[in-house]
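**Q** Quick check, what structure comes out for this input:
(one chain, ligands or ions: 1)
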Amino acid sequence: MDNQAYDDLARVEDTHWYHTGRRKLVEYYMDSIRRGPCHQAGILDVGCGTGGMLETLRKYGAVTGLEISAHAAGICLRKHPSARIRIGSANDLDKTFAGEQFDIVTFFNVLYHEWILDDTRVLKEAFSLVRPGGFVVINEPAYKFLYRDNDRICMGKRRYTVPEIRDIMKAAGFNVARITYFNSISFLPLLLSSMLQRAGLFRSKKASDELGAPPPVVNGLLKFAMSCELAAIKIFGGFPFGVSILAVGRKDIRP
Ligand SMILES: C[S@@+](CC[C@H](N)C(=O)[O-])C[C@H]1O[C@@H](n2cnc3c(N)ncnc32)[C@H](O)[C@@H]1O
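**A** Next up is the predicted model:
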């Protein structure tokens with residue numbers, strides 16, 4: 001990813017409706033796996049980027065971020081001076097964290113990335129880093145037919161379905177505890193935008209063309225729509241479609 005894409009992400013991630021809505025959904029899932037108020041989990045956030053998830057994860061334990069881009073890690077440290085950030089690759093999790101174990105390993109929009117050589121292998125290595133009884137939390141983009149300029153700019157190579165995420169989690173050794181699509185409100189706009197872009201119209205050249213924050217009133221309305229979707233996920237246990245996927249996998253105590 002070029003540095004501009006990280007700068008654009010850092011500028012919007014605290015207030016943008018997608019990021020605030022995703023954090024609330026992640027909190028809901030994390031609450032469901034927390035083992036008690038006093039338990040200070042060891043958490044590894046792989047591909048932590050500019051740190052958009054760090055404050056949320058800190059509510060659940062001591063977070064270590066892993067990031068391949070020194071530029072992104074620098075922004076992350078400026079925003080969160082006390083954060084523990086390692087610069088390194090998710091493709092070498094076993095070497096980078098040799099001898100270390102975590103209660104929870106998270107991937108937020110990382111496995112889909114072009115710099116991930118083999119998503120299943122990365123998850124297998126994550127499995128070996130998770131303590132028995134621990135968890136993996138995964139959020140990735142959904143549906144290949146929604147591929148568009150923003151994926152290219154952010155170096156996205158993969159988009160998944162729920163069954164595909166389930167399959168790679170199982171192949172890595174995790175039991176899938178929860179899985180859902182989310183961000184359904186973006187489904188039609190993104191479908192339209194990917195169709196138009198395939199026809200050569202309304203092309204995006206930089207991340208901010210698509211990722212920029214909308215006007216405050218629109219941002220507020222979209223935040224409200226995301227909270228309605230979260231309410232539906234709480235009631236029905238998941239959502240049948242959306243442009244993103246969130247999943248929690250558990251590593252059994254006994255192999
Ligand atoms: C779309 S951003 C997501 C950032 C953050 N996790 C979030 O959700 O806000 C993808 C991040 O994964 C990082 N990344 C991609 N491939 C990686 C790899 N092989 N090792 C470590 N980080 C990687 C990128 O540098 C980027 O910061």
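**Q** only C-alpha atoms for contact and neighbour calcs from this point on.
**A** Noted.
**Q** need the helix or strand of this protein with the lowest average pLDDT.
**A** Least confident helix or strand, the chain: helix 207-211 with a mean of 63, by mean pLDDT, DSSP states H and E.
**Q** Touching, residue 130 and residue 101? I think so.
**A** Yes - at 5.7 Å, residue 130 and residue 101 qualify as touching, with contact defined as Cα atoms under 8 Å.
**Q** Of these two, which one has the most company?
**A** residue 130 (23 against 19; other Cα atoms under 10 Å).
**Q** show me what contacts the closest residue to the more buried one other than its chain neighbours?
**A** Nearest non-adjacent residue to residue 130, counting by Cα to Cα, 6 or more residues apart in numbering: residue 102, 5.0 Å away. Listed by Cα atoms under 8 Å, 6 or more residues apart in numbering, the contact set of residue 102 reads 41, 42, 43, 44, 129, 130, 131, 134.
**Q** give me phi/psi at residue 102?
**A** Here is the backbone geometry of residue 102 (degrees, to the nearest 10): phi -130, psi 160.
**Q** Would you state the helices of the stretch 151-255 of the chain in chain order?
**A** Under the criterion DSSP state H, counting those that start in this stretch, the stretch 151-255 of the chain contains helices at 162-172, 187-198, 207-211, 216-236.
**Q** Could you list the low-pLDDT ranges of the stretch 101-250 of the chain?
**A** The model of the stretch 101-250 of the chain has pLDDT under 70 over residues 205-211.
**Q** Close to the ligand: what parts of the stretch 51-200 of the chain are there?
**A** Remark: the part of the stretch 51-200 of the chain in contact with the ligand comprises 52, 66-69, 88-91, 108-110, 113, 115-116, using Cα under 6 Å from any ligand atom.
**Q** Among these, name the buried ones.
**A** 52, 66-69, 88-91, 108-110, 113, 115-116 (16 or more other Cα atoms under 10 Å).
**Q** in the stretch 151-255 of the chain, what residue is nearest the ligand?
**A** Nearest to the ligand, among the residues of the stretch 151-255 of the chain, is residue 154, at 6.2 Å (Cα to the nearest ligand atom).
**Q** what about that residue, neighbour count?
**A** By the criterion of other Cα under 10 Å, residue 154 has 16 neighbours.
**Q** measure the residue nearest to it when sequence neighbours are not counted to the ligand for me?
**A** Nearest residue to residue 154, sequence neighbours excluded (Cα to Cα, 6+ apart): residue 1, at 5.8 Å. Using Cα to the nearest ligand atom, to the nearest Å, one obtains 7 Å as the distance from residue 1 to the ligand.
**Q** mind checking pLDDT for residue 1?
**A** The confidence metric pLDDT takes the value 85 at residue 1.
**Q** can you pull the contacts of it?
**A** The contact partners of residue 1, taken as Cα under 8 Å, 6+ apart, are 153, 154, 155.
**Q** likewise residue 52?
**A** Neighbours of residue 52 in contact, by Cα under 8 Å, 6+ apart: 10, 13, 14, 19.
**Q** can I assume it sits in a strand?
**A** No - under DSSP: H, G, I helix; E, B strand; the rest coil, residue 52 falls outside any strand and is assigned coil.
**Q** sorry, back to before: of all the contacts of residue 102, which comes closest to the ligand?
**A** Minimum distance to the ligand across the contacts of residue 102 is 11.2 Å, recorded for residue 44 (Cα to the nearest ligand atom).
**Q** from what I can see that closest one touches residue 61, true?
**A** No - taking contacts as Cα under 8 Å, residue 44 lies outside contact range of residue 61: 9.9 Å.
**Q** More neighbours: which of the two?
**A** A direct count of neighbours by other Cα under 10 Å for residue 44 and residue 61 places residue 44 higher, at 28 against 18.
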